[in-house]
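Trainee: What shape does this take:
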Amino acid sequence: MTPETLWWAGFIGFVLAMLALDLGIFHREPHPIRTREALTWTVVWVTLSPLLGLGINTRWIGSSAADERHTAALEFLTGYLIEVSLSIDNVFVFALLFSYFHVPPLYRHRVLFWGILGALVMRAAMIFAGVALLHAFH
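Mentor: Here you go, the predicted structure:
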């Protein structure tokens, strides 16, 4: 198993563990999310991403060259900022959908969690299907 494969497995395992921790431990009982709790969790999750970027900058997989590490960290930061900016409109869409379908505040976190998990599964399926198609027709 290559170091890159181990890093990807560790990253995916960490994401799955955080999702399980979020729904299984911290939000086991449905409750309305208040502003203070939402801000606290936002700070926690948004802090983890720059830490990952710092880890990439500190030790990039398979390379000891500083230029490659900095390039990889800059690419990560760029992708992260693009994803954050694209996700801002999702908050508006979620608010519209929750109000349209009359989702009670008590269950919004759970509905949002399963929606995000479903989106991650579908994204992974599309990536793997795309890779399979590329290999089949290249």
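
Trainee: any idea which helix or strand carries residue 87?
Mentor: Secondary structure assigned from DSSP states H and E places residue 87 in helix 66-100.

Trainee: I'd like to know how many residues surround residue 65.
Mentor: Residue 65 has 9 neighbours, counted by other C-beta atoms under 10 Å. No exception for glycine: its C-beta is placed from N, CA and C like everyone else's.

Trainee: need the contact list for it.
Mentor: Applying C-beta atoms under 8 Å, 6 or more residues apart in numbering to residue 65 gives no contacts.

Trainee: And it, what's its pLDDT?
Mentor: Looking at residue 65, its pLDDT is 71.

Trainee: And for residue 113?
Mentor: At residue 113, pLDDT is 83.

Trainee: need the helices for the protein, in chain order.
Mentor: For the chain, helices defined by DSSP state H occupy the ranges 3-21, 35-58, 66-100, 108-137.

Trainee: that older thread, list the helices and strands the helix holding residue 87 packs on?
Mentor: Applying 3 or more C-beta pairs under 8 Å, 6 or more residues apart in numbering; DSSP states H and E, one finds that helix 66-100 contacts helix 35-58, helix 108-137.

Trainee: can I get the helices of the chain in JSON lines with mean neighbour count and distance to residue 27?
Mentor: Output for the helices of the chain, formatted as JSON lines (neighbours: other C-beta atoms under 10 Å; distance: least, C-beta to C-beta, whole Å):
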{"stretch": "helix 3-21", "mean neighbour count": "11", "distance to residue 27": "10"}
{"stretch": "helix 35-58", "mean neighbour count": "12", "distance to residue 27": "10"}
{"stretch": "helix 66-100", "mean neighbour count": "12", "distance to residue 27": "16"}
{"stretch": "helix 108-137", "mean neighbour count": "11", "distance to residue 27": "5"}
